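> structural data only, the sequence is not supplied:
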């Protein structure tokens, strides 16, 4: 899973090396030097550095990381918590697991840097329940870090204590939503919270909390070691740095790639990812996980892989879970699979998502079974409108994007199945 | 006190209020399910979405604090569409149970559908999610999971009011179902409240199940007669029978709650037979029915005889702490002012029992009478007497010869009640001459010289003064039947027979006189005794 020629390897630098998971090898390759450097800095200066780098959240929302950190009040008498979001459940996304499986220390070092900046002494990695084997590898690395006194009462000999624990989820996509993650970590049902208040002031155990994605945290060692300016020099004006893309579907070379933001989408698919498999034609691309609108092959022309360009093209960068679909794909069947996912994963807390996702999934099942009515096509769009923007968390919107984009852009396929 | 604009009208909210609260204060109804003024905010039903200028998305009125200068619209097309959408979503998996569901007629799905919905269903019956129905959750509550709209009010009630946490959601997505762990029955003393707060027919009352359609019921505002807390209630009745009692919201006393015992206490009124006519012992010592006129003339004459022979101190006035202030006031006026008696009491429990002691931290008091404080403020407790035991002793010693006794057994039963009745029997037995005013027949009444049928709680209107000195008005729901009169009417008749002034035509008249003569009630008018009542000195 190489970085592309000419591009910087920030995240995947160690992925293909042997024994990457061992702390000895990690240190031999320069690991934990960034943490040492960070510990010598002022905490607030460290936050400024991350701000200046332009690093944005890599879980899907793309919120500027330094800014998120700066929302945490520093003068309360409550502890601050950093929670690593390793719930990775967005369909099409399998990039965080690669980091935790093959290079777990890069995450530990990134978390330690973040914890130091935020003055956090107790941190959790919330790993999705299905990743038990990944959690084991991550835990082994944590054990090594404790032994090497990188973690514990005195991080690298400094007057700074830090404990990091792994916490396993139980198999719910909704627990990737930050307030739902916090609820789950507290031992409650994973129901998202009403915001405000925000986790920055009232998060885990009603205390200031930052939730960051694995990939976001893994970028921190390089940023600290090489400087914010170096990171900001990569990418575009508003989309700095590199992004991992987990590519699946009808491509010749599926896998996880690290790309400088701003690289052309079609170049990436046709060159680096090996192009559409079996010599077929490209039909559609879901660029950033099933929650983002699908793009037709035509819409992909000229689009760059960065936040702004994809937004302008009517889709989103999202998590970087890219799914490539060729001409043999039935779009109604694909949408039905996607809709089933959201219906299954809806937590059920609020009305529009709970009822709408289930209803849409049932309608699509009928359609692909040949039992749909012609009015069902517009009904799907109506359900999408009824759900959008009215829920506690964006899961409903994440169902709306695929429903609306698939039905609108490939309407004839749906209508063909609904001829009564 | 932030000022904001709601539907074009500028209104002033209280500090810290949400949009839905401020709207309610100004008579603007914003539809909702999960919001409840006495429960923590949840914001899950999405029914109260409103349009706030400068906010890109519609926002729930229950979670959004009012800010100075906010411009809010709750009735424009955008909001109407959203509300209609939420309603449609709630109805797609809701069973078509209306014909067999007790909630019909007071169901928020029905009510909101008529106002905000009126759409045609676009889901086939076969596609609806099925869940479990008719689940027995104990003596008070029946659960139907299919009807539940997952508003979580019941969960929040048990988590935050009783702090017992019996109910929770199980499962995920549109298969989420409300329930108790392993269907265990609800056995906490406030479980009936979840039936009130459930906006649909998911949690229904076992006691009321299938008994009457709600649109046939008449409602009377009253105060619970179960204990000294004085929770505000609404009595629902039809054709002279009470079908149920539900709480009215009084933020000063019971908020929106009622205890289970109080809620069912009206059943006590029908457990034993009523005394239908005045009874008087003839020369043969056997009680026979008489008219009220005969009875009061005889009573007054006899009591005056005993007074002449033994002094006014030989007459005992033993009141009931379950009688209304109006009844007790005229009781005191006749027995005290007119006859000159000085020995009064009302305490049937042990003398040193603390009338103010709380039975739990939520609502209940140990004192199962609604008007003990009322009796005290009317001067019906002579410290020297020492409760019913003292009265019995004094009667045995010959110091007390005659007694006028009002007795209503408590509506909320306790094991000690039988023993208490035994003491009342003893008192009546020992007295040479006794006039008993009661509603229900009981063996010990055969020992009384005269028995007068009077109306108990809910069959007379009047005021009660609760544990904290709050006087509250209780309406009359049903007629007593027979020759029973209100307690105040009985003493009005006695005063008249005795040659004293007796101008009162209604309980209201009596209350007016009471406020003129009892210092604690000086500033009170009957109006002030309506919700939330008024604390007297």
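Good, I have the coordinates. These numbers come from a predicted model, not from an experiment.
> hey, what's the nearest residue to residue A:93 once chain neighbours are set aside bridged with?
Among residues not flanking residue A:93 along the chain, residue A:321 sits closest, at 3.4 Å (CB to CB, 6 or more residues apart in numbering or on different chains). In this view, the C-beta of every residue, glycine as well, is placed from N, C-alpha and C. For residue A:321, the beta-bridge partners under DSSP bridges are residue A:246.
> model confidence at residue A:321, what's the number?
The model reports residue A:321 with a pLDDT of 97.
> that one and residue A:288 touch, don't they?
Yes - Residue A:321 is in contact with residue A:288 according to CB atoms under 8 Å; the separation is 6.2 Å.
> secondary structure element for residue 164?
With no chain named, the answer covers chain A. strand A:163-168 (DSSP states H and E).
> before we move on, back to that, and the residue nearest to residue A:93, how many neighbours does it have?
A count of neighbours around residue A:321, defined by other CB atoms under 10 Å in any protein chain shown, yields 25.
> show me the helices in the stretch 351-500 of chain B, by range?
B:372-377, B:387-396, B:417-430, B:487-497 (DSSP state H, counting those that start in this stretch).
> now the stretch 151-300 of chain A
A:178-185, A:214-218, A:220-226, A:228-232, A:265-267.
> what's the burial count for the closest residue to residue A:211 other than its chain neighbours?
Spatial nearest neighbour of residue A:211, chain neighbours left out: residue A:178 (4.0 Å); criterion: CB to CB, 6+ apart. For residue A:178, the count of nearby residues is 27 (other CB under 10 Å).
> try residue B:496
By other CB under 10 Å, neighbour count at residue B:496 equals 16.
> likewise for residue B:425?
Residue B:425, neighbours per other CB under 10 Å, totals 17.
> and if you look at residue A:95?
For residue A:95, using other CB under 10 Å, the count is 29.
> do the same with residue A:157
Count around residue A:157 with other CB under 10 Å applied: 9.
> buried residues in stretch B:61-79, which are they?
Buried positions in stretch B:61-79, judged by neighbour count with 16 or more other CB atoms under 10 Å in any protein chain shown: B:61, B:62, B:63, B:64, B:66, B:70, B:72, B:73, B:74, B:79.
> what's it in contact with?
Residues from elsewhere that reach stretch B:61-79 (CB atoms under 8 Å, 6 or more residues apart in numbering or on different chains): A:194, B:2-7, B:13, B:16-20, B:22-23, B:28, B:30, B:32, B:34-35, B:41-43, B:48-54, B:58.
> report the buried members of those.
Buried, going by 16+ other CB under 10 Å: A:194, B:2, B:4, B:6-7, B:13, B:17-20, B:22-23, B:28, B:30, B:32, B:34-35, B:41-43, B:48-52, B:58, out of those.
> quick one: contacts for the residue positioned nearest the centre of chain A?
Nearest residue to the geometric centre of chain A (CA atoms, centre = their mean): residue A:59, 2.4 Å. Taking CB under 8 Å, 6+ apart, we find residue A:59 in contact with A:85, A:176, A:212, A:213, A:215, A:216, A:319.
> hang on, it is in a strand, isn't it?
No - counting by DSSP: H, G, I helix; E, B strand; the rest coil, residue A:59 falls outside a strand, being coil.
> tell me the phi and psi of it?
Backbone torsions for residue A:59, taken as degrees, to the nearest 10, come to phi -80, psi -30.
> next one: residue A:304
According to degrees, to the nearest 10, residue A:304 has phi -100, psi 150.
> roughly how far does the residue nearest to residue A:93 sit from residue B:494?
Look at residue A:321 and residue B:494: by CB to CB, to the nearest Å, they are 89 Å apart.
> do the same with residue A:175
For residue A:175, the distance to residue B:494 - CB to CB - is 75 Å.
> what's whichever residue of the stretch 151-300 of chain A sits closest to chain B in contact with, if anything?
Nearest residue of the stretch 151-300 of chain A to chain B, counting by CB to the nearest CB: residue A:194, 4.7 Å away. Listed by CB under 8 Å, 6+ apart, the contact partners of residue A:194 are A:392, B:41, B:42, B:43, B:60, B:63.
> what's near enough to touch the nearest residue to residue A:56 once chain neighbours are set aside?
Of all residues not flanking residue A:56 in the chain, residue A:62 sits nearest, at 4.5 Å (CB to CB, 6+ apart). Residues near residue A:62 by CB under 8 Å, 6+ apart: A:56, A:307, A:317.
> what do you get if the cut-off is 10 Å, keeping everything else the same?
By CB atoms under 10 Å, 6 or more residues apart in numbering or on different chains, the contact list for residue A:62 reads A:56, A:216, A:238-239, A:243, A:288, A:306-308, A:311, A:316-319.
> repeat that for residue B:166.
Here residue B:166 is in contact with B:137-138, B:154-155, B:157-159, B:179-181, B:184-188, B:191, B:194 (criterion: CB under 10 Å, 6+ apart).
> if you set the cut-off to 7 Å instead, what comes out?
Residue B:166 makes contacts with B:158, B:180, B:186, B:188, as judged by CB atoms under 7 Å, 6 or more residues apart in numbering or on different chains.
> which strands or helices does the top helix by length along chain A pack on?
Assignment by DSSP state H gives helix A:351-368 as the longest helix of chain A. Packing contacts for helix A:351-368, counted by 3 or more CB pairs under 7 Å, 6 or more residues apart in numbering or on different chains; DSSP states H and E, involve helix A:331-345, helix A:375-387, helix A:395-409, helix A:411-417, helix B:77-92.
> of those helices, flag the one that's most buried.
helix A:395-409 (a mean of 23; mean count of other CB atoms under 10 Å in any protein chain shown).
> what's next to that one, contact-wise?
A:174, A:290-294, A:296, A:331, A:335, A:338-339, A:342, A:346, A:352-353, A:356-357, A:360, A:377, A:380-381, A:384, A:387-389, A:414.
> out of the helices of the stretch 351-500 of chain B, flag the one nearest residue B:525.
helix B:372-377 (16.9 Å; CB to CB).
> what's the closest non-adjacent residue to residue 153?
This is for chain A. Distances taken as CB to CB, 6+ apart put residue A:161 closest to residue A:153, at 4.8 Å, once the chain neighbours are dropped.
> that's the other chain; I wanted chain B
Per CB to CB, 6+ apart, closest to residue B:153 is residue B:197, 4.6 Å.
> verify the contact between that neighbour and residue B:155 for me.
No - under the criterion of CB atoms under 7 Å, residue B:197 makes no contact with residue B:155, lying 10.7 Å away.
> how about the strands in chain A?
A:80-86, A:120-127, A:163-168, A:209-213, A:242-249, A:255-260, A:263-264, A:282-286, A:295-296, A:304-305, A:321-326 (DSSP state E).
> near chain A, which residues of the stretch 1-150 of chain B show up?
Contact residues (CB under 7 Å from any CB of the partner chain) of the stretch 1-150 of chain B with chain A: B:43-46, B:49, B:57-58, B:63, B:82, B:85-86, B:88-90, B:92-93, B:122-123, B:127, B:129, B:150.
> no more questions from me, cheers.
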